[in-house]
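Undergrad: prediction below, plus the sequence it came from.
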Amino acid sequence: MEVATTVVVAPAPAADDKALQQKLFELKMNPSAAPAPAPAKKASAKPAAKKKLAGGSGGYVLEDVPHLTDYLPNLQSFPNPLQNHPAYSVVKQYFVNADDTVAKKIVVHKSSARGTHFRRAGPRQRVYFQPDEVSAAIVTCGGLCPGLNTVVREIVCGLHDMYGVTSVVGIEGGYKGFYARNTVELTPRSVNDIHKRGGTVLGTSRGGQDTAKIVDSIQDRGINQVYIIGGDGTQKGAATIHEEIQRRGLKCAVVGVPKTIDNDIAVIDKSFGFDTAVEEAQRAINAAHVEAESAENGVGVVKLMGRNSGFIAMYATLASRDVDCCLIPESPFYLDGKGGLSSSSPRSGSATTATW
Ligand SMILES: Nc1ncnc2c1ncn2[C@@H]1O[C@H](COP(=O)(O)OP(=O)(O)OP(=O)(O)O)[C@@H](O)[C@H]1O
Ligand SMILES: O=P(O)(O)OC[C@H]1O[C@](O)(CO)[C@@H](O)[C@@H]1O
C-alpha cells in the first residue's frame with residue numbers, strides 16, 4: 001500500500017519562549033481565553049519603558065502610545081490636509097476619532113471588566129505638522145521580510161500625495177546609517193518600482209548602535225518625523241530613540257512600523273510579508289507531496305519559518321489541502337504511543353490534515 005504523507009513543521013521553540021508563544025497563540029485564536037496579565041517581570045538588564053496607562057469606568061484600561069503633546073503640551077495643531085484631498089474628502093467618517101480604542105479581548109463575559117484597550121490607528125482630524133515643515137526619514141533594521149520596499153514606497157507616496165510632504169530621506173544600512181552614512185533622497189518617482197524588488201533598497205543591519213549619535217544626527221539634519229521599520233529589537237531601539245528625543249524636548253515624531261513575517265502580533269489584522277510566506281510555502285509543500293506520493297510509504301517533511309510561532313505552517317496547511325499533519329510549536333506533540341504522531345497514518349491516496 002502506498003502511503004503519502006506530507007508533514008509541515010514549524011521549528012521547535014526555545015524553552016524560555018514557550019509560555020509567551022502559547023499566550024500569543026491563545027490571544028490570536030481565542031481572545032476570550034487569554035489568561036489574566038502575568039505579573040511584571042523582575043530584574044532585567046534594562047528596566048522596560050514605563051507604560052502610558054489611563055483608566056476608565058467598568059475596569060477600562062487604555063494602554064496608550066506616547067505622543068508629542070506628552071512633553072510639548074502647547075503644541076499647535078492644524079486641520080488634516082486630507083480633508084481637502086479630492087480622493088478622501090468625499091468619504092464620510094474618514095477620520096478616526098481621537099478617542100477611539102481597540103479592545104485587546106474581543107469576547108468578554110457580561111460581568112467581566114472591560115479590560116485593556118489600545119489606541120486606534122488612523123488619520124486624525126487635526127495634525128501637528130504643516131506639510132512644508134515636515135522633514136521625514138525612513139530606516140529599515142533587522143532581518144529581511146517580504147514587503148519592506150512596499151512599506152517604504154507607501155510611506156513616501158502617502159506623505160507626498162496625501163499630506164503634501166516633499167522632504168523625505170532614506171537612512172541606509174539600518175540604525176548605524178544615521179551617523180555612518182549619507183542620506184538618500186526619496187521621492188514618489190525614485191520609489192516607483194521598488195516594491196517589485198526583494199529585500200530593502202535602504203539596506204539593513206543588526207548590532208550595536210549609539211542612541212545619542214542617532215539623535216544628534218536627527219537633530220543636526222532637522223528631521224522631525226522618523227519612520228522605523230523592523231522587528232522587536234528594532235522597536236526597542238525606537239523606544240530608546242523616542243526617550244532621548246523626549247529628554248531633549250525635540251518636536252520629532254517617532255513611528256514604529258512592526259515587521260514580522262510570522263504574523264505573531266496579537267492585536268493587528270495581519271503583519272506584512274505573512275501572506276507571501278504562506279504563498280511561497282505552497283511550492284515547497286507541493287514538491288514534498290509529489291515526492292511522497294511517488295515513493296512507497298513516502299513521507300515528505302517541509303520545515304517552514306516560525307521558530308516560536310506556527311501561523312505560517314498552519315495557514316500554509318489550510319491553504320494546501322495536501323498536508324496530512326501540521327506540527328506547530330504552540331501545540332506539543334509526541335511520536336510514540338497512543339495518540340502519538342507515528343500512530344496516525346493518513347488514508348491512502350487521500351489528503352488528511354491533522355493539526356497537532
Ligand atoms: N533592546 C534594544 N535596545 C535598543 N536597540 C536594540 C535592542 N535590541 C535590538 N536593537 C537594535 O535594533 C536593530 C535590529 O535588531 P535585531 O537584529 O534584534 O532585529 P529585529 O528588529 O528584532 O528584527 P528580526 O525580527 O529580523 O530579528 C539592531 O540595530 C539592534 O542593535
Ligand atoms: O534562527 P533564529 O535566529 O532564531 O530566527 C528564526 C526566526 O526568524 C524568522 O525567520 C523571521 O522572524 C522566524 O520565522 C524565525 O522564527
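TA: Received, thanks. Ligands and ions are numbered 1, 2, ... in the order given.

Undergrad: can you name the residues bridging to the residue nearest in space to the middle of the chain?
TA: Residue closest to the average C-alpha location in the chain (Cα atoms, centre = their mean): Pro258, at 3.4 Å. In this entry, Pro258 is beta-bridged to Gly230, by DSSP bridges.

Undergrad: my guess is Val267 contacts His117. True?
TA: No. In this structure Val267 lies outside contact range of His117 using Cβ atoms under 8 Å: 9.8 Å. To be clear about C-beta, it is placed using only N, CA and C from the backbone, and glycine gets the same treatment.

Undergrad: could you give the bridge partners of Leu62?
TA: Assigned bridge partners for Leu62, using DSSP bridges, are Ala54, His117.

Undergrad: show me the contacts for it.
TA: By Cβ atoms under 8 Å, 6 or more residues apart in numbering, the residues touching Leu62 are Leu53, Ala54, Gly55, Gly56, Thr101, Thr116, His117, Phe118, Arg119.

Undergrad: switch the cut-off to 10 Å
TA: Leu62 makes contact with Lys52, Leu53, Ala54, Gly55, Gly56, Asp99, Thr101, Thr116, His117, Phe118, Arg119, according to Cβ atoms under 10 Å, 6 or more residues apart in numbering.

Undergrad: now the residue nearest to the centre of the chain: how far from Cys141?
TA: From Pro258 across to Cys141, the span is 12 Å (Cβ to Cβ, to the nearest Å).

Undergrad: what sits in contact with each of the two?
TA: In contact with both Pro258 and Cys141: Ile228, Ile229, Gly230, Gly231, Thr234, Gln235, Ala238, using Cβ under 10 Å, 6+ apart.

Undergrad: now distance to ligand 1, neighbour count and pLDDT too, for those residues, in JSON lines please.
TA: Shown next, in JSON lines, are those (distance: Cβ to the nearest ligand atom, whole Å; neighbours: other Cβ atoms under 10 Å; pLDDT from 0 to 100):
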{"residue": "Ile228", "distance to ligand 1": "9", "neighbour count": "25", "pLDDT": "98"}
{"residue": "Ile229", "distance to ligand 1": "9", "neighbour count": "27", "pLDDT": "98"}
{"residue": "Gly230", "distance to ligand 1": "4", "neighbour count": "27", "pLDDT": "98"}
{"residue": "Gly231", "distance to ligand 1": "3", "neighbour count": "17", "pLDDT": "96"}
{"residue": "Thr234", "distance to ligand 1": "3", "neighbour count": "24", "pLDDT": "97"}
{"residue": "Gln235", "distance to ligand 1": "7", "neighbour count": "18", "pLDDT": "96"}
{"residue": "Ala238", "distance to ligand 1": "8", "neighbour count": "23", "pLDDT": "97"}
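
Undergrad: can you list the domains in this protein?
TA: Taking automatic domain parsing as the reference, the chain has its domains at 5-13+273-355, 77-127, 129-250.

Undergrad: mind checking how far the longest one is from the chain centre?
TA: Looking back up the chat, that one is domain 129-250. 16 Å (Cα atoms, centre = their mean, to the nearest Å).

Undergrad: for the second one, same thing?
TA: Distance, stretch centre to chain centre, for domain 77-127: 19 Å (Cα atoms, centre = their mean).

Undergrad: still on that earlier bit, any chance of CSV for the contacts of Leu62, columns distance to ligand 2, pLDDT and neighbour count?
TA: Formatted as CSV, those follow (distance: Cβ to the nearest ligand atom, whole Å; pLDDT from 0 to 100; neighbours: other Cβ atoms under 10 Å):
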residue, distance to ligand 2, pLDDT, neighbour count
Lys52, 27, 91, 13
Leu53, 29, 92, 10
Ala54, 32, 90, 12
Gly55, 35, 89, 8
Gly56, 35, 87, 11
Asp99, 34, 92, 8
Thr101, 28, 95, 18
Thr116, 25, 95, 19
His117, 28, 96, 20
Phe118, 22, 95, 15
Arg119, 26, 94, 18
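
Undergrad: and the longest helix anywhere in the chain, what does it pack against?
TA: The residue-count maximum for a helix in the chain (DSSP state H) belongs to helix 274-294. When contacts are defined as 3 or more Cβ pairs under 10 Å, 6 or more residues apart in numbering; DSSP states H and E, helix 274-294 packs onto strand 5-9, strand 299-303, helix 311-320.

Undergrad: ranking these by burial, who's on top?
TA: strand 5-9 (a mean of 24; mean count of other Cβ atoms under 10 Å).
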